[in-house]
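Undergrad: Below are the sequence and a predicted model for it; my questions follow.
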Amino acid sequence: MQGTPGAAGALDPLFPRLGNGGYDVRHYDLALDWAPARSGERAEGGPLRGTARITARATQNLSAFNLDLKGLEVTSVTVDGRPARHGRAGTELTVRPERELDKGTAFRTTVEYAGRPGPLADADGSEEGWLTGDAGTVALGEPSGSMTWFPGNHHPLDKATYTLRVTVPKGQRAVSGGEPETLEPEPDGDGRTTWTWRSRRPMASFLATLAIGRYELSRSRTPSGLPVVNAVAPGQDAEVLDRLPDVLDWSAERFGAYPFDSFGAIVLDPGTVGYALETQTRPVYPGSPSVGLVVHETAHQWFGDFVTPRTWQDIWLSEGFATYAEWLWEEDHDGPTAQETFDRLYATPGDAGLWTFPPADPPDQNSLFAAPVYQRGAMTLHQVRRLLGEDRFARLLTGWPKKHAYGNARTADFTAYAESLAPDAGTRAALTRTWAGWLRAAGKPDSAKPGG
Ligand code: ARG
Ligand code: ZN
């Protein structure tokens, strides 16, 4: 059968060009070589050189397909070892294999590239992508920054496993998510070291990270035996990281068994970036975090990483849950109850930012990280809790991520799941009113009463 080109986007309502159609990535094997100016920049190519080996399966008969990549120079592309024609337009890298790929075939694309990766400015004015601070560089990818350092299918829907090998100059360390091969790599003749990190569980590309700098690395285990690897920028207070086992235990109690093979933190030099990110197994913090922030990013490991929003429109399923986790933590640790937090927020006037749009329908790219997604999203979950009661809500907190283990889910999946836990028709009807009033309608809901 005649193949056709894969789509240039994954049809995200808010980011139509993000991701690509026609194939499903299984594994990224990324070999990177970093030689920044200070340690003698190369004459050619720029400080970053990469080889991306991307194993994928065709989901249609393919004559061509796209990868997302911003900036950098592509020097060669092969598909299954044969040279492939390629072209660039904006952030789309189009690859035309010598032979068409039949639906269902596994194929390997190898992209050689080089250059100077940079940051990417988001609609809300924040920065992501390849960020440089006093102590080094860090790559952050929510929602689209991963395209600044490797070619890929950069939409949360296409999860894959990763092997990342990074060679850095003498004295530098390369830290990522997943499990390290060793924390003491042998230097080569120039003192350069190569760091290998494996993420064996499927990961959305926006959850990939790479921090390069003079980090202090430590490896330990929680009392229950989970490996912990922390990377702390020089001079940062890391005492709060002693709480990780507590926070993990509490989270596992609330949300079910921890879904990954290691955990930890990357604490940056302040000033590098203004926010934390739930990078899979190893959240990035913009400096020494509060316990509340650690709770938030830890909860994201279940809500955001284990079960990932299907589109960026569904982001409240990450942020609403992670915010609600903070409320629950406070409630369980002598702080305000979730009800008190809800009441305080409900008291904000109707013209406040909190009520400008409903959590399930952020109107534009600028709205992804706004209060209606985080706080009103958490308020919606609190209403669900009140309607279902403590036991059923506790079952929801463990059952929901497990139902979509290592996959994706959208708002309609969640509402159907919550309804399936309702004990009777009256509760189901009250939930339906909650979706309408709290999740989907703009403006402050008229009543703070659940189901009202
Ligand atoms: N998901 C992160 C968190 O809630 C926030 C990311 C903000 N990103 C941004 N580009 N503004 O922990
Ligand atoms: Zn968050």
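TA: Yep, that arrived. None of the values given here were measured: they were computed from a predicted structure. Ligands and ions are numbered 1, 2, ... in the order given.

Undergrad: CA only for contacts and neighbour counts going forward, please
TA: Fine.

Undergrad: Confirm Thr298 sits in a helix?
TA: Yes - when classified by DSSP: H, G, I helix; E, B strand; the rest coil, Thr298 is found to be part of a helix.

Undergrad: residues near the residue of the stretch 201-350 of the chain found nearest ligand 1, how many?
TA: Using CA to the nearest ligand atom, the point where the stretch 201-350 of the chain gets nearest to ligand 1 is Leu277, with a distance of 4.4 Å. The local packing count at Leu277 equals 21, with neighbours defined by other CA atoms under 10 Å.

Undergrad: For it, grab phi and psi.
TA: Dihedral angles phi and psi of Leu277 (degrees, to the nearest 10) take the values phi -140, psi 140.

Undergrad: and what of Trp195?
TA: phi -110, psi 130.

Undergrad: Check Val307 too.
TA: When read as degrees, to the nearest 10, the backbone of Val307 gives phi -110, psi 120.

Undergrad: what bridges to it?
TA: Taking DSSP bridges as the rule, Val307 bridges to Phe303, Gly407.

Undergrad: Tell me if I'm right that it and Arg410 touch.
TA: No - contact criterion CA atoms under 8 Å: Val307 and Arg410 do not qualify, at 9.8 Å.

Undergrad: Which one of the two is surrounded by more residues?
TA: Counting neighbours by other CA under 10 Å for Val307 and for Arg410 shows that Val307 has the greater number, 25 against 19.

Undergrad: can you tell me which residues contact that one?
TA: With contacts taken as CA atoms under 8 Å, 6 or more residues apart in numbering, Val307 has the following neighbours: 401-402, 404-409.

Undergrad: Val138 now?
TA: 130-132, 209-212.

Undergrad: again, but for Phe414
TA: With contact set as CA under 8 Å, 6+ apart, Phe414 has these partners: Trp400.

Undergrad: residues in the stretch 201-350 of the chain within reach of ligand 1, list them.
TA: Where the stretch 201-350 of the chain comes near ligand 1, counting by CA under 6 Å from any ligand atom, the residues are 275-278, 297, 319.

Undergrad: So among those residues, which ones count as buried?
TA: 276-278, 297, 319 (16 or more other CA atoms under 10 Å).

Undergrad: okay, those in CSV with pLDDT next?
TA: Converted to CSV, those look like this (pLDDT from 0 to 100):
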residue, pLDDT
Ala276, 98
Leu277, 98
Glu278, 98
Glu297, 99
Glu319, 99
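
Undergrad: re earlier: relative to Phe369, how far out is the residue of the stretch 201-350 of the chain closest to ligand 1?
TA: Taking CA to CA, to the nearest Å as the measure, Leu277 and Phe369 are separated by 12 Å.

Undergrad: again, but for Thr161
TA: In terms of CA to CA, Thr161 sits 27 Å off from Phe369.

Undergrad: which one of these two has more residues nearby?
TA: Under the criterion of other CA under 10 Å, the comparison of Thr161 against Phe369 puts Thr161 first, with 19 against 14.

Undergrad: can you list contacts of the helix or strand harbouring that one?
TA: Secondary structure assigned from DSSP states H and E places Thr161 in strand 160-168. Taking contacts as CA under 8 Å, 6+ apart, the residues outside strand 160-168 that touch it are 25-35, 174, 192-205, 212.
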